[in-house]
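*Asks:* only geometry, no sequence info:
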């Protein structure tokens, strides 16, 4: 059995657990440690059972609770060399930090993980492909655009986790300052609902049975708008279709 638990997704913090057999991998640790433990409890998960942590990039909504979490539960942390200096783990680096290279598959217990680069305004940002028990899970959030390489990594996944950050009209008409609007909508920012739908249309196949819409903005999107944009691309075979929440665990996908 492979299971994906999205415990939080958005600017308030990102936290996802991928599990296969006895192996549990934590993807990002953005909420405070206190909040991470609350989310684990709400999802019926034991934080002590985590085998390793993957960090997609160094922005605070992806690493905010990491240092304190690792004090309670020391685990290997896989991260880009470019992002590692931002983690605040200098004293623990030799003991805990493991380098992660784009395109190089890693094995963590029963799970194979391949990071791949995505364009975002961080030192280096990764999407991920997880493989276990014949299942493929593709994750790409925090990217302002996508390439054929990104599509190639994600295509044919049994479960997709894709960014649907903002509704473009809501962003342009909203209260954000102009420089922030430009940053979010730029090629190193975040995918809009329309861009997310286009990426979904290029990556979804008959093998795709689960879909999470990820990293929705609180101010510039709504679950209804994101789901409407994605719906045109979703075939009848996608029996699991969820909008990931910022403050509560989302219904898990089990494959």
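*Replies:* Yes, it's here. On a predicted model such as this, the values are computed, not experimentally measured, just so you know.

*Asks:* ok, which stretches of the stretch 51-200 of the chain are strands?
*Replies:* For the stretch 51-200 of the chain, the strands defined by DSSP state E, counting those that start in this stretch occupy 52-54, 77-79, 97-99, 106-108, 111-118, 125-132, 135-140, 159-163.

*Asks:* can you lay out those strands as CSV showing distance to residue 7?
*Replies:* No exception for glycine: its C-beta is placed from N, CA and C like everyone else's. Conversion of these to CSV gives the following (distance: least, C-beta to C-beta, whole Å):
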stretch, distance to residue 7
strand 52-54, 13
strand 77-79, 18
strand 97-99, 23
strand 106-108, 19
strand 111-118, 17
strand 125-132, 16
strand 135-140, 14
strand 159-163, 12
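
*Asks:* out of these, deepest packed?
*Replies:* Between these, strand 159-163 has the highest mean count of neighbours, a mean of 28, where neighbours are mean count of other C-beta atoms under 10 Å.

*Asks:* mind listing what the nearest residue to residue 243 once chain neighbours are set aside touches?
*Replies:* Closest residue in space to residue 243, ignoring its immediate chain neighbours: residue 223 at 4.2 Å, by C-beta to C-beta, 6 or more residues apart in numbering. Residues in contact with residue 223 (C-beta atoms under 8 Å, 6 or more residues apart in numbering) are 213, 216, 243.

*Asks:* is residue 137 bridged to anything, and to what?
*Replies:* According to DSSP bridges, residue 130, residue 159 are recorded as the beta-bridge partners of residue 137.

*Asks:* please consider this matter closed, and thank you.
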